[in-house]
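K.L.:
I would like the atomic coordinates for the input below:
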Amino acid sequence: MSWSYTGFGVFRRWLAQAEGFELNEMDGFGGQRSWRDVSTTLAPLLNHPDDDGPDLTPVQCAAILPRLQEIADQPQEGSILLQRHLDDARQFVVVLQLCIEKDVDLLFG
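P.N.:
Numbering: from 1, shown residues only. Predicted structure coming up:
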């Protein structure tokens, strides 16, 4: 997968909204809300530096996968932007599956 910094940020903001919160409210994204106050298996992805930081382990990928798959399986009706996000989510699901199957970390760079 490849996103621009802006594109990755937009995708993560969309995922955060799907989880019921705004990413810009969160610590590290301009807000004060602690990540401990949010209950989502997507947290390791949402609270990750844009281009560096720790890799996601296969175990973390496996924890993220079911919820991301659930989001990706939404009907593709709506705006072009929604369709793009759903396509990106589906592609990201494939990447997570590969990391799990091959037992390799998901690299950010």
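K.L.:
only C-alpha atoms for contact and neighbour calcs from this point on.
P.N.:
Noted.
K.L.:
who's in contact with the residue nearest the centre of the chain?
P.N.:
Residue closest to the average C-alpha location in the chain (Cα atoms, centre = their mean): L45, at 4.6 Å. Counting by Cα atoms under 8 Å, 6 or more residues apart in numbering, L45 touches R12, I64.
K.L.:
for this protein, where's the lowest mean pLDDT among helices and strands?
P.N.:
helix 5-18 (a mean of 89; mean pLDDT, DSSP states H and E).
K.L.:
Keeping just the C-alphas, turn the next helix or strand after that helix into CSV.
P.N.:
Per DSSP states H and E, helix 5-18 leads on to helix 43-46 as the next helix or strand towards the C-terminus. In CSV, the C-alpha atoms belonging to helix 43-46 read as follows (Å, rounded to 0.1, in the frame of the first residue of the first chain):
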residue,chain,number,x,y,z
ALA,A,43,-5.8,1.8,17.8
PRO,A,44,-2.3,0.5,16.8
LEU,A,45,-3.0,1.7,13.2
LEU,A,46,-4.8,4.9,14.1
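K.L.:
mean confidence for helix 43-46?
P.N.:
Averaging the model's pLDDT scores along helix 43-46 yields 92.
K.L.:
Which SSE is immediately downstream of that helix?
P.N.:
With DSSP H and E, the next secondary element past helix 43-46 is helix 58-72.
K.L.:
now the angle between helix 58-72 and whichever helix or strand comes after that following helix, please.
P.N.:
Using DSSP H and E, the helix or strand that follows helix 58-72 in sequence is helix 80-102. Between the axes of helix 80-102 and helix 58-72, defined by axes from the mean of the first three to the mean of the last three Cα atoms, to 10 degrees, the angle is 150 degrees.
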